[in-house]
Structures are given as structure tokens and as C-alpha cells.
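*Asks:* Provide a 3D model corresponding to the input given below.
(one chain, ligands or ions: 1)
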Amino acid sequence: MTPSLDDLPHGYSVGPVHRTPATRLREMLNSNDGIVTCPGVYDGLTARIALNAGFKCLYMTGAGTAISRLGMPDLGITTLQDMVTNAGMIASLDWTVPLIADADTGYGGPLMVARTVEAYISAGVAALHLEDQVVNKRCGHLLGKELVDEAAYLSRIRAAVLARERMRAAMGDAGDIVLIARTDALQSLGFEAALDRLQKAIELGADVAFLEGFTSVQQGKDACDRLTPTPVLLNMVPGGATPNFTSAEAQEAGFKIIIFPGLMLAAAYGSCVAAAVELKDSGTIAVTEKQRKEGPKGIFTAVGLLDCLTFDKKAGGTSYEGGV
Ligand SMILES: C[C@](O)(C(=O)O)[C@H](CC(=O)O)C(=O)O
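*Replies:* Here you go, the predicted model:
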């Protein structure tokens, strides 16, 4: 939950980080601790809120990145730079909580996919997913998706695996990243063709499979059964193609990771629309009791105010000695 102004700061005081983000995620995937539940975050505030709530793994949504950074829909408009800058910032807020980040199509041919993988590794991202839509992609729960052929898709996966090998050879564990193969083929090619693409991606070295937009509980279970022992990710988009699953139901069906990409977006969208209407209609905004008590420090505390003050003091800074 949101730390109070009286809480002890953590940050550097949590001790040395012994494992890389990818190693931590691999441990979660290999453990019997159950499904990894990832709230979808898209900026510093939503990431902090998810961290304060105690989630052990985060998901950076590409749709949310397009919406929040560009004010644009999820239609393949974001570039590698938009995505990796956002992912690196989110990953850096707490290095002990791994970040899974959307990498769409990899943003070009094999050379560009390799560049994407190396950039995500350098940014400290624990895992990324790559899909088989054309570069002019769209949200996986929209109609009319177009695919690249299987050879082109597999060359994306091969490029990602090779780039990871190159980074691991240079840096060991710090060069690792968990590769998630996503296919959007179900909509146009059907279940067997989609599974075939995932199986081939796994043979090439993908660690996790992501069957986008499956349409029944049985299809989800069948995918998990057929792909075992490879962990399978479930993408929970309310109102999308996939029926609603709780984390427990997803685990029961055989999934190892569940992402809720629109979690924070939907909440922010609803609240911001209401706030805008309130100001437009009334010419002012209601001030809550909590706001009156805490002032702007309330939200600054949620995004690390105490850690910043403690860190500055420890480094010999004096700017905040008199309080803030
Ligand atoms: C998972 C996803 O790639 C995302 O960008 O978060 C999207 C989610 C969405 O658009 O709601 C997807 O293609 O499913």
C-alpha cells in the first residue's frame, strides 16, 4: 500500500541486489509458488502504485505506452526508443521487481530485432514479448490483424535468441532476458497453426509462450497442455477476445503468468474523465480530507519522497535538512 510519511524509506537500504531481474523472473517461473500476476503499468506513477501494492512482477503495456507517451492508439506507432525509454525508467524504480515489457514486432527485420533485444537488456528489462503481426500492427484484441509468414516470424525469434547469446557471452547473467514468443495467428489461421508457430519458437529458444486472443477456457487449457513444460502467459483484456479469468482460474488452467495490461489505464481513464468533467462543470475541484491533511506530499510520498530525502542526506546533501 502507499507508504505513509512515517514509514522507513527502503531504496538503497534493502541491501545489495544479488540477482539480475531476468534471474529473479526465471526463479519465479521455475518455482512452485503459483502463477505470476502482473499488473499492467505504463508510467512512473502507475508503476509506483503497483510496487507499493506489493506486486512481485510488473508488465509494461505497449498499448498504455502508446496512449500515455504519444496520445495515440495501439496501432504500431511507438518506436523502439519510445518503448525502451519507458521500460528502462519503470524497471529502474525497483530493481528487485522484474519487469516484463511489450516489444511488439521487434520494430523491423532481424537486425532491428537484435537491436531491440540488446536495448531492452541494457535497460534492465527482465522479459520481452515478440509477436508475428506485420510492423503496422494493432492491439491483439482488434479485428483485421495481418501476420508475417512463419519464416519471417521465426527469423524474429532467431534474431532475439542470437542477440541474447551475444549479450550473455559478453556479460553473463546481466546479458540475460526471458524471451516470450507471442502469436496473433489464432484469429486468421486457427488454433493448430498458432500452436505450431509457438512450438517452433520454443524450439528456437523462446522461454515462454503467449497465445494472443484465445477465445475459450478450453482453448487456453489445451494450449497449456500442448506446450508444457514451457510456461504459458495469459493476457487478460476485459471485453477482449479471451473470456475473463481470475489469477487463480488461470493457474488452475495451467498458465504460469497472467498480465492485466489495461488495469491502470482503465482506472486512470475513468478517474481522469470524471475529474475533467467536474472542473469543466463546476469551475473547481473537490478537496478530500486526505489531500487537506497531506497536501502535495501525499502523492510525492507514493513516488519515493522519503527515499530521495534519505539518500540525499546520506550522500552529504543539505538541501532538505529543514524539511520539505
Ligand atoms: C498486451 C498488449 O500488447 C499491450 O499492449 O498491453 C495489448 C493489450 C491491449 O491493447 O489492450 C494486446 O495487444 O493485447
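
*Asks:* which other residues reach stretch 234-249?
*Replies:* The contact list for stretch 234-249 (C-beta atoms under 8 Å, 6 or more residues apart in numbering) reads 35, 37, 139-141, 187, 210, 212-217, 220, 250, 253, 255, 257-262, 266. Bear in mind the C-beta positions are built from the backbone N, C-alpha and C, glycine included.

*Asks:* what does the domain assignment say about the chain?
*Replies:* What automatic domain parsing lists as the domains of the chain is 19-263, 270-314.

*Asks:* so can I have TSV of those showing mean pLDDT and distance to the ligand?
*Replies:* As requested, the domains of the chain are exported to TSV (pLDDT from 0 to 100; distance: least, C-beta to the nearest ligand atom, whole Å):
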stretch	mean pLDDT	distance to the ligand
domain 19-263	97	3
domain 270-314	95	15
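
*Asks:* Highest average neighbour count across the ones you listed: which stretch is it?
*Replies:* The highest average neighbour count among the domains of the chain, using mean count of other C-beta atoms under 10 Å, belongs to domain 19-263 at a mean of 19.

*Asks:* End to end on that domain, go ahead and measure it.
*Replies:* Start-to-end span of domain 19-263 (C-alpha to C-alpha, to the nearest Å) is 28 Å.

*Asks:* cool, and stretch 29-46?
*Replies:* 24 Å.

*Asks:* And for stretch 181-192?
*Replies:* 16 Å.

*Asks:* Check the offset of that stretch from the chain's centre.
*Replies:* Remark: stretch 181-192 is offset 21 Å from the chain centroid, using C-alpha atoms, centre = their mean, to the nearest Å.

*Asks:* Quick one: residues in contact with that stretch.
*Replies:* Counting by C-beta under 8 Å, 6+ apart, 129-133, 140, 143, 145, 147, 153, 157, 193-194, 197-198, 201-202, 206, 208-215, 219, 222-223, 241 sit against stretch 181-192.

*Asks:* hang on, the earlier thing: possible to save the domains of the chain as a markdown table with distance to residue 324?
*Replies:* Below are those laid out as a markdown table (distance: least, C-beta to C-beta, whole Å):
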| stretch | distance to residue 324 |
| --- | --- |
| domain 19-263 | 18 |
| domain 270-314 | 7 |
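
*Asks:* and residue 320, which of these is closest to it?
*Replies:* Distance to residue 320, taken as C-beta to C-beta, is lowest for domain 270-314 among the domains of the chain, at 4.9 Å.

*Asks:* in the stretch 201-324 of the chain, which spans are helices?
*Replies:* For the stretch 201-324 of the chain, the helices defined by DSSP state H, counting those that start in this stretch cover 217-227, 247-253, 263-282, 289-294, 297-302, 305-314.

*Asks:* got the end-to-end distance for stretch 53-66?
*Replies:* 24 Å.

*Asks:* what's the answer for stretch 42-57, then?
*Replies:* 14 Å.

*Asks:* Check stretch 71-80 too.
*Replies:* End-to-end distance of stretch 71-80 (C-alpha to C-alpha): 16 Å.

*Asks:* which residues touch it?
*Replies:* 62-63, 65-67, 69-70, 104-105, 107, 112, 115-116, 119, 133, 135-139, 142.

*Asks:* If we use 10 Å, what do you get?
*Replies:* 61-67, 69-70, 82, 85-86, 102-108, 112-113, 115-116, 119-120, 133-142, 261 (C-beta atoms under 10 Å, 6 or more residues apart in numbering).

*Asks:* from those, which ones fall inside helices?
*Replies:* 62-65, 82, 85-86, 112-113, 115-116, 119-120 (DSSP state H).

*Asks:* Return the member of those nearest to residue 312.
*Replies:* If you rank the ones in helices among the contacts of stretch 71-80 by distance to residue 312 using C-beta to C-beta, residue 85 comes first, at 25.0 Å.

*Asks:* Let me see the backbone angles for the spatially most central residue of the chain.
*Replies:* With distances taken as C-alpha atoms, centre = their mean, residue 59 lies nearest the centre of the chain, 1.9 Å away. Phi and psi for residue 59, reported as degrees, to the nearest 10, are phi -120, psi 130.

*Asks:* How about residue 171?
*Replies:* Torsion angles, degrees, to the nearest 10, at residue 171: phi -130, psi 10.

*Asks:* The one 5 residues further on now?
*Replies:* Here the main-chain torsion angles of residue 176 (degrees, to the nearest 10) amount to phi -90, psi 150.

*Asks:* show me what contacts it?
*Replies:* Per C-beta under 10 Å, 6+ apart, neighbours of residue 176: 20-23, 25-26, 121, 126-127, 164, 167-168, 207.
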